[in-house]
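> sequence below, structure please.
(chains A and B)
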Number of protein chains: 2
Amino acid sequence: MDEFKITFFPEHKSVSVDRGTDLLTAALKTGVHIYNSCGGEGVCGRCKVIVKKGDYITEGSGRVSDAERNEGYVLACRTSPGSDMEVFVPEESRLGDLEILTEEIKAKRLAGLYTPVEEIEEEHYKVTSKIFKHGPLSTKIFLKLPNPTIDDNSGDADRLLREIKKHHKEINTIQMGLSNIKRLPRLLRESNWEVTVTLGNRNRTTEVVLIEPGDRSKENFGVAVDVGTTTIVAYLVDLNSQKVLGSKASYNPQVDFGEDVISRIIFAQHEKGLEKLHHAVIDTINTLIDNLIKEASLTLDDVTAVVSAGNTTMTHLLLKIDPANIRKDPYIPAVNFMPVIRASEAGIKINPRGLLMCLPCIGSYVGGDIIAGVLASGMDKTRDLSLFIDLGTNGEVALGNKEWLMSCSTSAGPCFEGGGLKCGVRAMKGAIQNISIKNNSLEIQTIGNLPPKGICGSGIVDIVSELLKNKIIDRSGKIKDNKICQVRDCDGIKELVLVVAEDSATGKDITIDENDIKNLIHSKGAIYTGIEVLLKESGFEKSDIKHVFIAGGLGTALNIRSAINIGLLPDLPEKSFAFLGNTSVAGAKMCLLSYEATDKADVIANKMTYLDLSTNALFMNNYSAALFLPHTDIELFPSVKKLLS
Amino acid sequence: MDEFKITFFPEHKSVSVDRGTDLLTAALKTGVHIYNSCGGEGVCGRCKVIVKKGDYITEGSGRVSDAERNEGYVLACRTSPGSDMEVFVPEESRLGDLEILTEEIKAKRLAGLYTPVEEIEEEHYKVTSKIFKHGPLSTKIFLKLPNPTIDDNSGDADRLLREIKKHHKEINTIQMGLSNIKRLPRLLRESNWEVTVTLGNRNRTTEVVLIEPGDRSKENFGVAVDVGTTTIVAYLVDLNSQKVLGSKASYNPQVDFGEDVISRIIFAQHEKGLEKLHHAVIDTINTLIDNLIKEASLTLDDVTAVVSAGNTTMTHLLLKIDPANIRKDPYIPAVNFMPVIRASEAGIKINPRGLLMCLPCIGSYVGGDIIAGVLASGMDKTRDLSLFIDLGTNGEVALGNKEWLMSCSTSAGPCFEGGGLKCGVRAMKGAIQNISIKNNSLEIQTIGNLPPKGICGSGIVDIVSELLKNKIIDRSGKIKDNKICQVRDCDGIKELVLVVAEDSATGKDITIDENDIKNLIHSKGAIYTGIEVLLKESGFEKSDIKHVFIAGGLGTALNIRSAINIGLLPDLPEKSFAFLGNTSVAGAKMCLLSYEATDKADVIANKMTYLDLSTNALFMNNYSAALFLPHTDIELFPSVKKLLS
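This is a model prediction of the structure:
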């Protein structure tokens, strides 16, 4: 078979591939990560690259305009080489740099542009964390065993268990595996009967995970992980002091195989697909842990426990369980309540005998990240009615109080992540995050104050709100002629030019068209209707809601006022809203530090009712009424009515 | 290094070995098993072979007489080649054939020579087995799971566990490993939601061991194993019907590395010693299981559980745990209460996910075989005071009732196994098992009525009793001049010629000398004193004993009357005695079939007091008084007093 050399720029990285290999796959092999949301199916049009040299075979796609085609633009996933090639990957087709983003958001917060999330978080978690008694997934205890004598002649292992039970009278069933027993006789005698035992909390039994010579009880560390569809976040936690020693984040490289869970489930059915997805996430977690322990001057052996929270599909992929049935009617995961296993069984590199616990899921589309979120929010602890919203590709919503909990998942679509928009980008440097209209002129604010590249998730909410307020669009999302912003027709669709080509970083106009607005309306409508359905099914009114907890990466950058204006969030006093940041990792950390929290997570998962909206008549009926800005029935949004009048 | 070819006869099996390799090791490599009781230390003198051809280097040994040396006899363990060699292994230096022995004993029983053990056993076990509720170590249940729907959307694994709990409300904590979860989605759908689940009783939690498609609940089998120092016995058991489908026995090939537990513990300290000992026992168990399932037309996968009972050292070696500290003051095993593990972890080949449980031990010298025996005897169930004796190289004795249990281990020495005697042999074909003196002449009875080879364990008891009765020896064991049996002096030691060379199978005289009698007196004295100490420590009298249970391979061939005559067993009415056969495998079978029995075994092991006789003053004081036939104080044996008067 012919082999062609493909070189990607500006990295100047080359790879040899067979004829027929697409450029997306080729780029991946060189470590160049091209953004795509459909898993290389030629649908999303995000993986545009520019061919600089060489012959190629490409499929025609509506996603590439004639003008672009003339400049050499092709969809990487639909293009394969006919000779050696040189390919340029433009910045808007790349995954951004998460660390920079995080810094940016912090800077914004400091500048007062957003609610100071961290303070709220701290205040909030100070309360919710303290509810749970300290009792980590793995505990180290130092024991001085009495020396054996003729009269006190129980076996080494029996002696150890006896002493553990003496110190922990609450332990009923305690297990110790053969490998520890084998090591024990020498270890006990060499350490002069002074050892540190790591006890693991394993599915309601206690396990002797590890036995070390001498007193090592001070060195016990764990990692809490949020395995998000887009982002993976890890906290290194001192299991004794309960302090977070460091945190790291990385994009989930599974993005290379598809942006949303559905496209990854499909990819998992390909040959070695499940394995590739599994390794992508495991390798990332291992790198994050590795970096965390290096910074803290620890070793892998010091880490004895990992707790992970992720949606149902992410958790399946983490454990290398085939998620196929999650997307087949009637949408059944292989498992919701995962057993605690040895981390090494899942390929996670900590102490070889360390444990991995995954937070339970409650169904195919409401997973451990939401259980973690509800746990972290503490909404199950109070009589107050609370609403929990995780804004992402899947917008998960939970409603309830200490008596009951109900949840649903809405297919919000990718627009809260900057996807599905003509000029959408992730929340990267240069992404438009805010606009304001002053003195009849448009002012654009971008992350990093750099030349604009496109519109990110929180940006589109802000933009549409501002356009609505200034009557540049009407409540159905139609663009009106105005004196502020150029309106033009593009292939029969009206669009607003926000940035002209010469001012943009991409050298092209940045626009927002009626389709983009329609997409946003569909997304916000889905979430809003989800909230409505939960309220109606539970017999409560919007006004009964005392707290709205907003979680997720987008959450922290969201302008609450704008979100209410477009009808994404219910019209409640702004003080009702609280940003909780990454509640997934926060909940995972709680479970890492407290078996009471773990038990609580199980209780939440068992107690929570899951409403499947795809078959819910109420949802169908209410959804279309929500496809208006802010809603067909503006009386539901009195503050917006006042604003627009 | 030089290599020499050594050929063993009459097998005509050859092996090439380096200079310096001893003949014992060489023979083992060809599969020729030479008897030795000291582990190749040159002490026991049992491994005599005849060099027919070739040069060799040998150490001088008092165990080889000048006459033997002239015939080419050497100790295999102390001899290495100087050239290629031809070596003949005489029958008395070989391990016998266990199957034949078993048949012989059965024949004897039928001939009325012994108490009809099997009937007693059956009658006894009919009672003790029924005490325990049927509840095997692994249970198979057939489940028809409700098909998942949008409304009944719990995960596959969660659905399975839910249905199990519905049928088994008593199950509290249930565990399922990752590998089963991974297989589940496909398995459930391909089997149309009808599956058979194997539930394992694992250290007080329930584990989903196995999931099979369709109804396989009828096919559930287990194996009960007695891992004896000398013999390994395995029963194949239908875990549903509770029937024994077959039984097999084999010598424990660890004998090649030393006959008693001490020499094996020493051997375990050699390079790869532990591994060799472990593999020896595991390979044998695997062969026994293999043969059992072939005869029953089953497959290895049908076997889901193994329960083993063995002494503490045997159990350590089975699990490949270093037993070193068992023989070092203060004699501490690595573990007494072994966890239930996967059989494959110990190298036992059944269903790869099947379980292995070892009966608990209570100390270095009272192990799971005795716990099994006490369980099988049912002595812990009655108010009657019972005595349990396991006759072997270690004579273990237990005393007690439903309120209390006490045990000790006496170093009886090898003479009950035919060891430590000048002309001792194992209970093999041609072994002298009985003598009777009629009309002033000696009549010899051998196993199989073949020309005599030597004296076996039950034979020496019978012979000494008969000699005492006929006043050929006195109560101190001294040989007296008599008209029945030739007395002669050999190196200053008096001996009786039982069989002259021309009548024997070995071509040599078969004799019993005063040292042999002394050895027996020491052995029987140790056991009798053990019984006395237990009685005194518990404040009971001999006459309080209602039942004496005799266990062990020797037990079934023992003549009770002779054993009382020599003072091995207390002078109680013969109806008090019951032979229970192999109580070790019987107890293992009970635990295999009932978790109540397993719990009971734990209770017994926890309840039983262990007396270490090596440091017991009472034992020291009483022991010397027992070194008489039957005892210094003949009033303790009124029936013997009458017989001798």
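
> and the residue nearest the centre of chain A?
A:Gly228 (2.8 Å; C-alpha atoms, centre = their mean).

> need the contact list for that one.
By C-beta atoms under 8 Å, 6 or more residues apart in numbering or on different chains, the contact list for A:Gly228 reads A:252, A:310-311, A:314, A:369, A:392, A:553, A:584. For glycine as for every other residue, the C-beta is placed from the backbone atoms N, C-alpha and C.

> just among these, which is most surrounded?
Greatest neighbour count in these, by other C-beta atoms under 10 Å in any protein chain shown, goes to A:Ser584: 35 neighbours.

> counting by contacts, list what the host helix or strand of that one packs against.
Per DSSP states H and E: A:Ser584 is located in helix A:583-593. Judged by 3 or more C-beta pairs under 8 Å, 6 or more residues apart in numbering or on different chains; DSSP states H and E, the packing partners of helix A:583-593 are helix A:117-130, strand A:221-227, strand A:231-238, strand A:303-310, helix A:368-377, strand A:545-551, helix A:595-607.

> what is the neighbour count of A:Asp84?
So A:Asp84, with other C-beta under 10 Å, has 15 neighbours.

> hmm, I typed the wrong one, I wanted A:Met590.
28.

> pLDDT at it, what is it?
Looking at A:Met590, its pLDDT stands at 93.

> what about the residue nearest to it when sequence neighbours are not counted, how many neighbours?
Leaving aside its sequence neighbours, A:Met590 sits nearest to A:Ala597 (C-beta to C-beta, 6 or more residues apart in numbering or on different chains; 4.1 Å). For A:Ala597, the count of nearby residues is 27 (other C-beta under 10 Å).

> what's the pLDDT at A:Ala597?
For A:Ala597, pLDDT reads 93.

> tell me the contacts of it?
A:132, A:375, A:587, A:590-591.

> now the two most distant members of those residues.
The distance between the two most remote of the contacts of A:Ala597 (C-beta to C-beta) is 11.0 Å, for A:Phe132 and A:Gly587.

> neighbour count winner among these two?
Set A:Phe132 next to A:Gly587 and count neighbours by other C-beta under 10 Å: A:Gly587 wins out with 32 against 18.

> buried residues, the helix or strand hosting A:Lys642. List them.
Secondary structure assignment for A:Lys642, by DSSP H and E: helix A:638-644. Across helix A:638-644, burial judged by 16 or more other C-beta atoms under 10 Å in any protein chain shown covers A:640, A:644.

> okay, that helix in PDB with CA atoms only?
The C-alpha trace of helix A:638-644 is given here as PDB (Å, rounded to 0.1, in the frame of the first residue of the first chain):
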ATOM      1  CA  PRO A 638     -41.400  40.000  34.900                       C
ATOM      2  CA  SER A 639     -37.900  41.600  35.200                       C
ATOM      3  CA  VAL A 640     -37.300  41.000  31.500                       C
ATOM      4  CA  LYS A 641     -40.700  42.400  30.600                       C
ATOM      5  CA  LYS A 642     -39.800  45.600  32.500                       C
ATOM      6  CA  LEU A 643     -36.400  45.700  30.700                       C
ATOM      7  CA  LEU A 644     -37.800  45.300  27.300                       C
END
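
> can you give me the mean pLDDT across that helix?
For helix A:638-644, the per-residue pLDDT averages 95.

> which strands and helices sit next to it?
helix A:457-469, helix A:560-565.

> now do that helix: distance to the chain's middle.
33 Å (C-alpha atoms, centre = their mean, to the nearest Å).

> beta partners for the nearest residue to A:Ser576 once chain neighbours are set aside?
Distances taken as C-beta to C-beta, 6+ apart place A:Val548 nearest to A:Ser576, at 5.3 Å, with adjacent residues excluded. Assessed by DSSP bridges, A:Val548 has beta-bridge partners A:Leu387, A:Phe577.

> isn't A:Val548 up against A:Leu580?
No: using C-beta atoms under 8 Å, A:Val548 makes no contact with A:Leu580, being 10.3 Å away.

> who has more neighbours out of these two?
Neighbours were tallied for A:Val548 and for A:Leu580 using other C-beta under 10 Å; the higher tally belongs to A:Leu580 (26 against 20).

> that older thread, and of the contacts of A:Ala597, the nearest to A:Leu572?
Looking across the contacts of A:Ala597 and measuring by C-beta to C-beta, the closest to A:Leu572 is A:Leu375, at 23.0 Å.

> among the contacts of A:Gly228, which one has the lowest pLDDT?
A:Gly553 (60).

> in a markdown table: the contacts of A:Ala597, plus distance to B:Thr196.
Below are these laid out as a markdown table (distance: C-beta to C-beta, whole Å):
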| residue | distance to B:Thr196 |
| --- | --- |
| A:Phe132 | 40 |
| A:Leu375 | 37 |
| A:Gly587 | 37 |
| A:Met590 | 39 |
| A:Cys591 | 34 |
